Each structure stands twice: as C-alpha cells, then as structure tokens.
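> Coordinates for the following, if possible.
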Amino acid sequence: MALQLLWVLLLALVMLALALGPVLRDRHPYVWWCLLGYPATVVRARLSWRRLTTMLGLAVPRRPANALLGDLVVRGDPLKPVPPQLGMPKLLRGGLSIRVRLHPGQVPEQLALAADAITHAWRVYGVRVTSGARGFATVTAMAWDPLAASSVPYLLRQEMLRAVVGMREDGEQWVINFRRVPHWLIVGATRSGKSTLIAALVSQLARQRVALFGIDLKGGMELSLFEPRLSALASDRSQAAQLIGELVREAEARMKLCRTAGARSIWDLPGRHRLMPIVVIVDEVAELYLTATRDDKAEVGEISTNLLRLAQLGAALGIHLVIAGQRVGSDLGPGVTALRAQLGGRVCHRVSDPGTAEMALGDLDKDALTAAQQITPAEQGIAITTGDDGRWLRARSIHTTPGQARRTARKHAHLAPTWPGLTETTEPAQSDDTEPDDTEGVYL
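Coordinates of the predicted model:
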C-alpha cells in the first residue's frame, strides 16, 4: 500500500512538473533546465545514440562485414554495430557536455560532421564537438542560445586583472584575464560591438586597483566616457607618442626595481615594493601608423618601436595592452604585424575587409577565420575569441550604455592614481555613491 502511494505521489509530481514546464521555462529557464530539460535530454541522448551513430556510419561492427566461404568472399550487412561509448553527462548552465570514447581510427572531426544531426535528435539549440584527450571527443549541447541575452546572469569571484565582459556560446562567462593572457587585440567594424566590449572591459577594470590609460585617436570621443577613471587620455598622435614614451620609461624603472630585488616579475616583489598594474587601451590603432609626411614617418616609427617594447616586456612588469581598431591589416606596415605577434588574446567582431580578420585570427585557426567572416550585421556584439584552452568560440559582450559607462567612471574615479605626464590629476575625485551603477545591476 505504501509503495503504491509512493508511485501515485511520484506520478502526480511528474504531471505537475510537466504542466508547469512552459511557465517555468519562460520565467526561470535555469531552474527548468535542471529539473526537466537536462533529465529529458539525457534520456533522449541515450535512447537515440545507437540508431543515430549507425545511420551516420559512426558505429563499428564487432566482426568485419566480409566473410570467407571457401574460395568466395561474401559481403553482408554487419550485425549489431557498436556505437562510440557515451560517458556520464555533465550538467552545464543551460546545457550539458558528454565525453565520447571514439573507436580506433576515428577522429573528432568525423563526429563534428554529425553535429546538426545530433542537434535535431536531442532537440537542443546547438551542438559543438571538440577534441579532448587522444581517442576522446567532447559533445557540448546547449538548450538555448546563450548569446541571445545581453547580460551575465551570474558572477564568479572577482580577481585582480580579471574582467567578466559577456557570455560564451558554451554557457560560460566570457572572461578577459590579463594574468593569463597579458595583451589583447580587438577588431571590429562600425556598429559591430567593439566599442561595447571595450566599455564592458573598462567598466570591470574600473572597480579594481588598476591604473588605466587611454589612447583614443578619434579625438577622445570613445574613451572620454571613462576619463574620470583614467590616469591619462591621449586624443591625438603626438599626445599618444608622449604617453607611450613615458610608459616605456615606467617599464624600464620597474625592470630596474625587479632586478635590484631579485624578482622575475612585479608579482614577486615584497609587499613594500608592490606596484599597481597598468592597462593601456588603444582605440583606432590604424591612426597611429598612418603617414603623410617625413615627420609623420619618424613619429610613427617611434610609436611602433615603443608599443612593441611594451608588448614584449610588459607581461612581467604589470603593463598590459588592449589594441583595438576597425581596420588592422598588414598594409599598415611591419610594425603592426610584429605587434600582432605579441598579442596572445584575440577578439574579432564583424569586419569590413578580410585582411583585418586575417590579421586577428589567420595565424590561429582557419575555421575561426571562416566563422568570423560569417558574422552578419544583425549580430551586434557577437565575436570570435579564444578560450582558456586556446580553442576559438563565439561570444557576446555585455551591453553597456554610455550613461552606465559615465556613472561607473565617476563612481570609481577615486581609484585612479595621478600621473605626472600627459594629463595630471591634481587631486583624486571622490566616489559618488549617490548615483546607482547600472552596470552592477546587470551581473552582480
């Protein structure tokens, strides 16, 4: 009697969950996925795997299809083909990942060709296949498009020089971590999302004890939103040359201090010598390399040399570069190509010319280059970037409005250290806590 009552209660709970499923999915999609979507997808994957892999030619028979009958070779249909072995499904935020053990001779690319078929069989939004250890592949399925939202639903623990700037297509946060990848290249055409990404990045860094410097060759129109938080802002090439030269001298001073203290980087210095990290954001980098006269050529050569020195020496000295532009091609000269080689982090939005996409992603992965060129004008904020494992993936930045950017800069202006060079601040601004910080409400 008790067992029957338990079964009735369980059936009633299942029926209630199914009835409330659509409402729960609309209002609380992550809760719906954990309670209903994930178990249903796991069952669907298990039940359809053998038939799916058999139809796609991924299942391998235990015995060969050819048999020897006397002097004749008889060919028939294989009996009971064995599919690649599915591992235990791992729950993700809005998705799942399964490790697949491949048969000898199979490669992950063969399974990747079946991604569309798996998507329809499992009834999910999309499937991505990546290679793992030798003989294995990882199938990641997402229940919905994680890039559809322009905000981040959760935030991991804050760390120095680590900025959460959006969401990735695998449902994880899009993180730019300067301790792991010290320098970044960001390219994108007008209204592709490049400026929004920079705004999201600076909004995150503004909360940290980091010195921020801006070089905006559009007359300061973009980075002036954050001017209260910047220690210096250069708005033309002559000012940029001066600021970059001063930063090179700062790098040389830090190098001398590390050598005296016997440290290999500023992070190994004792507490009394601890130095503040520096992040330099350069917008419209192509303007730095354009030449019209002989004097321009000399100035460009100096800027190119100093930027390259900062990129080569800055990682250990706590000086990090973010180089951004609408057009960053090899036609700008060998200085840009040499600088690109030092920028390990790459972000490519929709671009207007293939040369810019080639400069950003061509030396990393041909598939990433193809994916970047397929981004449409309607997909604002979508970009191709590199993950922690070095593989490329799609991501979307947090939508940060100009008003949110200004309020963030004013609120954290007291964290901006004074700089004796280009634009010296006589006294740090005080934090204005009377205005809400809209960007915090999005993802904190």
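> Spatially central residue (nearest the centroid) of this protein, please.
residue 174 (4.3 Å; C-alpha atoms, centre = their mean).
> my guess is that one meets residue 387, correct?
No - under the criterion of C-beta atoms under 8 Å, residue 174 makes no contact with residue 387, lying 9.2 Å away. Using the backbone N, CA and C atoms, a C-beta is placed for each residue, glycine as well.
> hang on, the earlier thing: what mean pLDDT does the helix or strand encompassing the residue nearest to the centre of the chain get?
Using DSSP states H and E, the element containing residue 174 is strand 173-177. Confidence for strand 173-177, expressed as mean pLDDT, is 90.
> same question, stretch 333-352
For stretch 333-352, the per-residue pLDDT averages 89.
> quick one: buried residues of the helix or strand containing residue 243?
Residue 243 belongs to helix 237-261 when assigned by DSSP H and E. By neighbour count on 16 or more other C-beta atoms under 10 Å, the buried set for helix 237-261 is 237, 239-241, 243-244, 246-248, 250-251, 254, 258.
> Which secondary structure elements does it sit against?
Contacting helix 237-261 under the criterion 3 or more C-beta pairs under 8 Å, 6 or more residues apart in numbering; DSSP states H and E are the following elements: strand 211-216, strand 232-234, strand 278-283, helix 286-289, helix 294-317, strand 319-325.
> Give me the sheet partners of the third one and which way each runs.
Strand 278-283 has the following sheet partners, assigned by DSSP bridges: strand 211-216 (parallel), strand 319-325 (parallel).
> What angle do helix 237-261 and that strand make with each other?
160 degrees (axes from the mean of the first three to the mean of the last three C-alpha atoms, to 10 degrees).
> Not counting strand 278-283 itself, show me its contacts.
With C-beta atoms under 8 Å, 6 or more residues apart in numbering as the test, strand 278-283 has contacts from 161, 178, 195, 198, 201-202, 205, 210-218, 222-223, 240, 247, 250, 288, 307, 310, 314, 318-325.
> Residue 102 contacts residue 138, correct?
No - using C-beta under 8 Å, residue 102 is not in contact with residue 138; the gap is 11.1 Å.
> Quick check: buried residues in whichever strand or helix holds residue 120?
Element membership for residue 120 (DSSP H and E) is helix 115-122. Within helix 115-122, the residues that qualify as buried are 118, 119, 121, 122, counting by 16+ other C-beta under 10 Å.
> ditto for stretch 221-236
Quick answer for stretch 221-236 (16+ other C-beta under 10 Å): 222-235.
> of the residues you listed, closest to residue 412?
residue 229 (5.6 Å; C-beta to C-beta).
> Tell me which residues touch residue 224, please.
216, 233, 235.
> I'd guessed the second one sits against residue 219; true?
Yep, that's residue 233 we're talking about. No - the pair residue 233 and residue 219 fails to qualify as a contact (C-beta under 8 Å) at a distance of 10.7 Å.
> just so I have it, where are all the strands in the stretch 301-444 of the chain?
Secondary structure of the stretch 301-444 of the chain (DSSP state E, counting those that start in this stretch): strands located at 319-325, 345-348, 382-386, 392-397.
> could those be laid out in CSV, adding distance to residue 168 and mean neighbour count?
Converted to CSV, the strands of the stretch 301-444 of the chain look like this (distance: least, C-beta to C-beta, whole Å; neighbours: other C-beta atoms under 10 Å):
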stretch, distance to residue 168, mean neighbour count
strand 319-325, 19, 25
strand 345-348, 12, 26
strand 382-386, 8, 25
strand 392-397, 5, 24
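> Any idea which of the ones you listed gets closest to residue 80?
Using C-beta to C-beta, the strands of the stretch 301-444 of the chain put strand 392-397 closest to residue 80, at 37.1 Å.
> and the closest one, how far from the chain's centre?
Distance of strand 392-397 from the chain centroid (C-alpha atoms, centre = their mean, to the nearest Å) equals 5 Å.
> what angle do it and strand 173-177 make?
100 degrees.
> average pLDDT across strand 392-397?
Mean predicted lDDT for strand 392-397 stands at 89.
> Starting from that strand, tell me which strands it pairs with and how they run.
Assessed with DSSP bridges, strand 392-397 is paired to strand 162-168 (antiparallel), strand 382-386 (antiparallel).
> what would these look like in CSV with mean pLDDT and distance to residue 84?
Shown next, in CSV, are the strands paired with strand 392-397 (pLDDT from 0 to 100; distance: least, C-beta to C-beta, whole Å):
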stretch, mean pLDDT, distance to residue 84
strand 162-168, 90, 26
strand 382-386, 90, 28
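> now those strands as CSV including distance to residue 276?
Formatted as CSV, the strands paired with strand 392-397 follow (distance: least, C-beta to C-beta, whole Å):
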stretch, distance to residue 276
strand 162-168, 16
strand 382-386, 27
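> Quick one: closest of these to residue 37.
strand 162-168 (18.1 Å).
> Distance from the chain centre to that closest one, please.
7 Å.
> domain ranges for this protein?
23-59+82-144, 162-437 (automatic domain parsing).
> possible to save those domains as CSV with distance to residue 3?
CSV is the format used below for the domains of the chain (distance: least, C-beta to C-beta, whole Å):
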stretch, distance to residue 3
domain 23-59+82-144, 23
domain 162-437, 39
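> Mean neighbour count, the ones you listed: which tops it?
Mean neighbour count (mean count of other C-beta atoms under 10 Å) peaks for domain 162-437 among the domains of the chain, with a mean of 19.
> The helix or strand harbouring residue 110 - contacts with which helices or strands?
Here residue 110 sits within helix 108-112, counting by DSSP H and E. Applying 3+ C-beta pairs under 8 Å, 6+ apart, one finds that helix 108-112 contacts strand 126-131, strand 136-142.
> now with 6 Å?
Contact partners of helix 108-112 among helices and strands, from 3 or more C-beta pairs under 6 Å, 6 or more residues apart in numbering; DSSP states H and E: strand 126-131.
> And for the strand it packs on, what's in contact with it?
Taking contacts as C-beta atoms under 6 Å, 6 or more residues apart in numbering, the residues outside strand 126-131 that touch it are 108, 111, 112, 115, 118, 119, 137, 138, 139, 140, 141, 142.
> Among those, which pair sits farthest apart?
108 and 142, at 18.2 Å, using C-beta to C-beta across those.
> Was I right to think residue 335 contacts residue 304?
Yes - with contact defined as C-beta atoms under 6 Å, residue 335 counts as touching residue 304 (3.3 Å).
> quick one: the closest residue in space to residue 270 that isn't next to it in sequence from residue 273, how far?
Distance criterion C-beta to C-beta, 6 or more residues apart in numbering; nearest residue to residue 270, sequence neighbours excluded, is residue 261 at 6.9 Å. Relative to residue 273, residue 261 is positioned 6 Å away (C-beta to C-beta, to the nearest Å).
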